[in-house]
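Trainee: the sequence and its predicted three-dimensional model are supplied below.
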Amino acid sequence: MLGVIAGGDGLHARLRDLAARAKDGAKLATVRLLAPIPKPRRNVLCVGWNYSEHFAEGAAVRAQAGAPAQTRAPAQQEMPEFPALFSENPATVTGPDSPIWFPAPHSEQLDWEVELAVIIGKGGRDIVEDRAMGHIFGYTCANDVSVRDVQRRHGGQWFKGKNFDSHLPMGPWIVSADELDPAALRLQTRVNGVTKQDSSTKFMLFKLPRLLREFSAGTELEPGDIIITGTPEGVGFARKPPEYMKIGDVVEVEIEGIGVLRNTVQGRS
């Protein structure tokens, strides 16, 4: 898949022509889908606090708990001036219908996060915003599964709590950028059929052009790089009382125009 993405417009046009002339393939029910990019070449790039309501719900929980200043959202009551950027280990990526491993004995605070994932198609450094959308190959769904107490344990940064094995499901496929306008897509999370998150990408604080500008500032983005763009309100840790996934739960994240990504929480033997 990385070769296809890096192949550029000429290869993409040839592949579309071949697909249009091909006979029907296998039925989805008879195959197992992998993540669209099963083994990302580099770390997955991530954005925190990119929806105002999620920023607010998290800040309220941390303030109520009396969290140390270094673990709180910047300027608790003010929207950030710059996006919060971090990365995740590519080895955490898994695909549709693959298990999400429950993190025992390390934690029982397993949370969900629906996110729009952006696949870079054209590399570049210091990308300007008015040309940024031309660098995008396509979009897929991501569930940025988070182990909340571990996430808070390490100085207020997210790396360890978001890097357990299998905790970044992606899929079910990539929708190419020419087929989808990402500006106002409905995002949802359901756990055992119950809706937990229901929002829209129109509420992103930092839109895709700004994110590409920030991530590429002084740093080369390459074809196949993945950016997951933040989650809206409705996460488990901010609920009253808090809710977390447990073994046997089925979690679905759905993004309008892309599809449904479904996984089941399982215990490791």
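Mentor: Ah, there it is.

Trainee: CA atoms of the helix or strand where R16 lies as CSV?
Mentor: Secondary structure from DSSP states H and E places R16 in helix 8-21. Provided in CSV are the C-alpha atoms of helix 8-21 (Å, rounded to 0.1, in the frame of the first residue of the first chain):
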residue,chain,number,x,y,z
GLY,A,8,1.7,9.6,-7.5
ASP,A,9,-1.2,10.7,-9.7
GLY,A,10,-0.1,8.7,-12.7
LEU,A,11,-0.2,5.4,-10.9
HIS,A,12,-3.4,6.3,-9.1
ALA,A,13,-5.1,7.0,-12.5
ARG,A,14,-3.9,3.6,-13.9
LEU,A,15,-5.2,1.8,-10.8
ARG,A,16,-8.6,3.5,-11.1
ASP,A,17,-8.8,2.4,-14.7
LEU,A,18,-7.9,-1.2,-13.9
ALA,A,19,-10.5,-1.2,-11.0
ALA,A,20,-13.2,0.1,-13.3
ARG,A,21,-12.5,-2.7,-15.8
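
Trainee: how about it: buried residues?
Mentor: Neighbour-count burial for helix 8-21, counted by 16 or more other Cβ atoms under 10 Å, picks out H12. (Each C-beta comes from the backbone N, C-alpha and C, glycine too.)

Trainee: next helix or strand past it?
Mentor: That would be, after helix 8-21 and using DSSP H and E, strand 44-48.

Trainee: which strands and helices lie in contact with the helix holding R16?
Mentor: helix 2-6 (3 or more Cβ pairs under 8 Å, 6 or more residues apart in numbering; DSSP states H and E).

Trainee: go ahead and confirm E254 touches K196.
Mentor: No - counting by Cβ atoms under 8 Å, no contact exists between E254 and K196, whose distance comes to 11.5 Å.

Trainee: what sits in contact with each of those two?
Mentor: 189-190 (Cβ atoms under 8 Å, 6 or more residues apart in numbering).

Trainee: and the residue lying closest to Y51 once chain neighbours are set aside, how many neighbours does it have?
Mentor: Using Cβ to Cβ, 6 or more residues apart in numbering and skipping residues adjacent in sequence, the residue nearest Y51 is P232, 4.2 Å away. P232 is flanked by 25 other residues according to other Cβ atoms under 10 Å.

Trainee: can you check M79 too?
Mentor: 13.

Trainee: F55 is in contact with that one, correct?
Mentor: Yes - between M79 and F55 there is a contact at 6.7 Å, judged by Cβ under 8 Å.

Trainee: find residues that contact each of these two.
Mentor: Common neighbours of M79 and F55 (Cβ under 8 Å, 6+ apart) are L205.

Trainee: one step back: can you pull the pLDDT of the residue nearest to Y51?
Mentor: Model confidence at P232, expressed as pLDDT, equals 97.
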